[in-house]
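J.: No letters, just coordinates:
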Ligand code: ADP
C-alpha cells in the first residue's frame, strides 16, 4: 500500500493552560494577578504541526478524551493541515498541561496526561498501517505509554520506516525502541536519564542509529557509531521562548530525512527549524515554513565552505 503521509507522528496532544505571573508560587502559596492563555500543545501535536508547517503530508496518531478539549484539538489539527483520522477517542479526559511562567520566563509545569496514556498498541498499529509506508518517517515522543512506543517501534522495524524518537520526558526505553530508532533526539538532561554514565555511545551500542543531543543555544552534538562526533553549530536566533524548540527540531530532522537529505544535513535543517521556533512566545506561534528554514541554511553555507577556499 502506498503511504498517504510523509511523516506520521505517534505521540501526545494536550491543551496547555498557561498562566503568566510575577513569580512562581512556592508550596502552599497563592499568587494572584496572573494572565491566562489557552494554547494547544503536547509534544506529538507540536511536532505534527511543525512538520505540516514545513510542507510535509502529516498524520498524527494520538488519543483524546470525548470532551470539549478533545474536539478543540481535532479542530486545531485540521486547521493546521494535519490528518487527524487516526486520532482515537478514549474514555479519559483529554490531556492538560498547566504551565506557570514568571516574568523572567522561568516555568513550572504540571501535566495530567489523561487520554494520552490510553493510546494502545492496536490504535498505533492501525494508525500506522493506514498512513505509513517504507518511505515514511515516524516520529515518537514519550508523553505516551510504553505499549504505544513499543507498537510504533515494532511497526517501523517490520515496515522499514525510519523512526525519529524524541525521548522526552525521559525514561528508560524498551530495547525494541532503541533498536528501531534511526535517530534519537535527547537534550542533555534526557540523555543522562536514558543512558546514565554510558552516555550516547551506550545508546549506539544498544542499537540506536544516531544520537543527536540538542544543546539549546549551543546547537547539536551528533553521535554515530564508527564516525567522529559532529558538532552542528547553532543558527542565530532572537530567542524569546524556547518552549517546543525540541519538538520543532525533531520535526525538522524527520522532514529533512524524508526529503532524502543525509543525516548531518537533516540535523542542520532541524537546528534551523528549532532556532526559528524560539522567536515568539509559545510552542506554535513561531514554527517556520520551509522557505524560512532554507533561507537560514543558505545564509550559513559560505561559512561552511571557508576552510575549502
Ligand atoms: P529541548 O526543548 O528538547 O530542550 P533544545 O532547547 O535543545 O531542545 O532545542 C532544540 C534545538 O533547537 C537546539 O539543539 C538548537 O539547534 C535549536 N535552538 C534551541 N534554542 C535555541 C537558541 N536560543 N538559539 C539557537 N538555536 C536554538
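T.: Yep, it's here. Keep in mind that this is a model prediction, so the values were computed, not measured. Numbers count the residues shown, from 1 in each chain.
J.: Need phi/psi at the nearest residue to residue 288 once chain neighbours are set aside.
T.: In space, residue 288 comes closest to residue 276 once its chain neighbours are excluded; the distance is 3.9 Å by Cβ to Cβ, 6 or more residues apart in numbering. (Each C-beta comes from the backbone N, C-alpha and C, glycine too.) Main-chain torsions, residue 276, degrees, to the nearest 10: phi -70, psi -30.
J.: What separation do you get for residue 276 and residue 150?
T.: For residue 276, the distance to residue 150 (Cβ to Cβ, to the nearest Å) stands at 33 Å.
J.: who's more crowded, the two?
T.: Comparing residue 276 with residue 150 by other Cβ atoms under 10 Å, the one with more neighbours is residue 276, at 23 against 18.
J.: All the helices of the stretch 151-300 of the chain, in order from the start?
T.: 175-180, 188-195, 199-205, 245-259, 263-277, 290-305 (DSSP state H, counting those that start in this stretch).
J.: Quick one: closest of those to residue 73.
T.: Among the helices of the stretch 151-300 of the chain, the nearest to residue 73 by Cβ to Cβ is helix 245-259 (15.3 Å).
J.: how distant is that closest one from the center of its chain?
T.: Distance of helix 245-259 from its chain centroid, counting by Cα atoms, centre = their mean, to the nearest Å, is 8 Å.
J.: go on, stretch 85-103?
T.: Computed by Cα atoms, centre = their mean, the chain-centroid distance of stretch 85-103 equals 15 Å.
J.: Would you mind listing the buried residues in it?
T.: Going by neighbour count (16 or more other Cβ atoms under 10 Å), the buried part of stretch 85-103 is 86-90, 92-97, 99-101.
J.: returning to what we had before: if you compare the helices of the stretch 151-300 of the chain, which one is most tucked away?
T.: Among these, helix 245-259 has the highest mean neighbour count (mean count of other Cβ atoms under 10 Å), at a mean of 28.
J.: need the residues of this protein near the ligand, please.
T.: Proximity of the chain to the ligand, by Cβ under 6 Å from any ligand atom, involves residues 168, 187, 214-217, 219-220, 234-235, 237, 239, 242, 245-246, 249, 271, 274-275, 278.
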